[in-house]
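Peer 1: Sequence and predicted structure below; questions after.
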Amino acid sequence: QVQLVESGGGLVQAGGSLRLSCSASGRTFSVAVTGWFRRAPGKEREFVVSISRSGGTTYGYDSMKGRFSISRDAAKNTVYLQMNNLKPEDTAVYYCAASTDKVWNYWGQGIQVTVSS
C-alpha cells in the first residue's frame, strides 16, 4: 500500500502562486509515476501533470507547461506542483495520485485551491 497526503493548498489571488506537496509513505519503492489531477466545480476530474521515477514529465495540456511545473524529491518521497500566474479557472480540488502498475491505483484525499479574481 501507498499513502499520499497533499498539502499547500489555499486561497490566492489571480496572478499569484502556490506550491502543492504530495508526501508518500508505505511501499513507495513500488511507485513508478506520481501525478496531479484536479476537479473543478461542476466538471470532470482532469489530468494535470505527472512525473516518473526517472524524472520524465507529462502534461495534460500544453497550456499548463508555462504556468505549472512538477518536481520530486526522492529522498523525501515528495512530489511538488508549482503553480504560477494562477487564474480563477484553476480553482479546483487537486489530487495527488500514484501509479505502480500503469494504473492510478493510489489517491490522496485532495486539497482545495481557490483563486480569487
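Peer 2: Nice, I can see it.

Peer 1: Any idea which helix or strand in this structure has the lowest mean pLDDT?
Peer 2: helix 62-65 (a mean of 82; mean pLDDT, DSSP states H and E).

Peer 1: Can you name the residues in contact with that one?
Peer 2: Contact partners of helix 62-65, identified using CB atoms under 8 Å, 6 or more residues apart in numbering, comprise 48-49, 59. Using the backbone N, CA and C atoms, a C-beta is placed for each residue, glycine as well.

Peer 1: Just the closest of the residues you listed to Asp101, please.
Peer 2: Val49 (20.2 Å; CB to CB).

Peer 1: just checking, the closest one is part of a strand?
Peer 2: Yes. The assignment for Val49 (DSSP: H, G, I helix; E, B strand; the rest coil) places it in a strand.

Peer 1: I'd guessed it sits against Phe37; true?
Peer 2: No. Using CB atoms under 8 Å, Val49 is not in contact with Phe37; the gap is 9.2 Å.

Peer 1: OK, contacts around Gln13?
Peer 2: By CB under 8 Å, 6+ apart, Gln13 lies in contact with 115-116.

Peer 1: who does it bridge with?
Peer 2: Per DSSP bridges, the residues bridged to Gln13 are Ser116.

Peer 1: Check Gln82 too.
Peer 2: Here Gln82, judged by DSSP bridges, has bridge partners Arg19, Ser69.

Peer 1: so who does it touch?
Peer 2: 17, 19, 68-71.

Peer 1: Present those residues as TSV; the columns should include distance to Val33.
Peer 2: Shown next, in TSV, are those (distance: CB to CB, whole Å):
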residue	distance to Val33
Ser17	25
Arg19	20
Phe68	16
Ser69	16
Ile70	11
Ser71	14
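
Peer 1: Flag the shaky bits of the protein, pLDDT-wise.
Peer 2: Low-confidence segments of the chain (pLDDT under 70): none present.

Peer 1: out of everything not next to it in sequence, what's closest to the most centrally placed residue in it?
Peer 2: When CA atoms, centre = their mean is applied to the chain, the residue found nearest the centroid is Trp36 (2.8 Å). Nearest non-adjacent residue to Trp36, counting by CB to CB, 6 or more residues apart in numbering: Val48, 4.3 Å away.
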